[in-house]
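A.B. asks: Next one to model:
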Amino acid sequence: MDYENLCTTIRKIDSKIRFAGVINSKGRLVAGGMAPSKTRLGDRKRDEMLYMELALRVKMRREFDDDLGEVKFSMSFREKLIVMSFPIKDDVLMVSMEKKTQFEQIAFSILKLIEKI
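C.D. replies: All right, here's what the predicted structure looks like:
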């Protein structure tokens, strides 16, 4: 899979998208990153902790797939930004954006891109 191209395409969906990256099952960023025009809110070490926590959370959600169906995406509406995660096989796509966005439209645009993979 061309994850780099996917992340670049996602960052172009809306100028308010700050980050699009693919994190593997071990919590490591394997593709993508910050949009060139944006500055990070935290330091890299904290980012790595966030990636590991997200990978674990996605794994844990799979425990309920038989009862509830597969997770298509999850969203956290935080004080400073919105963070979405999209499971892709054993990996997870993480996207963050500014709060003043049409996040529903963005989420479903991303789902359409993922379905093509």
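
A.B. asks: For the chain, which segments count as helices?
C.D. replies: 3-11, 44-61, 65-68, 103-115 (DSSP state H).

A.B. asks: ranking those helices by burial, who's on top?
C.D. replies: Greatest average neighbour count among these goes to helix 3-11 (a mean of 18), per mean count of other Cβ atoms under 10 Å. C-beta coordinates here come from the backbone N, C-alpha and C atoms, glycine included.

A.B. asks: ok, and what's touching stretch 35-53?
C.D. replies: 11, 15, 17-20, 23, 26-29, 34, 80-81, 94 (Cβ atoms under 8 Å, 6 or more residues apart in numbering).

A.B. asks: most remote residue from the chain's center?
C.D. replies: The centre of the chain is farthest from one residue, Asp67, which by Cα atoms, centre = their mean lies 24.0 Å away.

A.B. asks: Could you measure from that residue over to Gly42?
C.D. replies: 35 Å (Cβ to Cβ, to the nearest Å).

A.B. asks: center of this protein - which residue?
C.D. replies: Met94 (1.3 Å).

A.B. asks: Phe19 contacts Met94, doesn't it?
C.D. replies: Yes. Counting by Cβ atoms under 8 Å, Met94 is a contact partner of Phe19 at 6.9 Å.

A.B. asks: Residue ranges in this protein under the pLDDT threshold?
C.D. replies: Low-confidence segments of the chain (pLDDT under 70): none present.

A.B. asks: Neighbours of Ile88, how many?
C.D. replies: 16 (other Cβ atoms under 10 Å).
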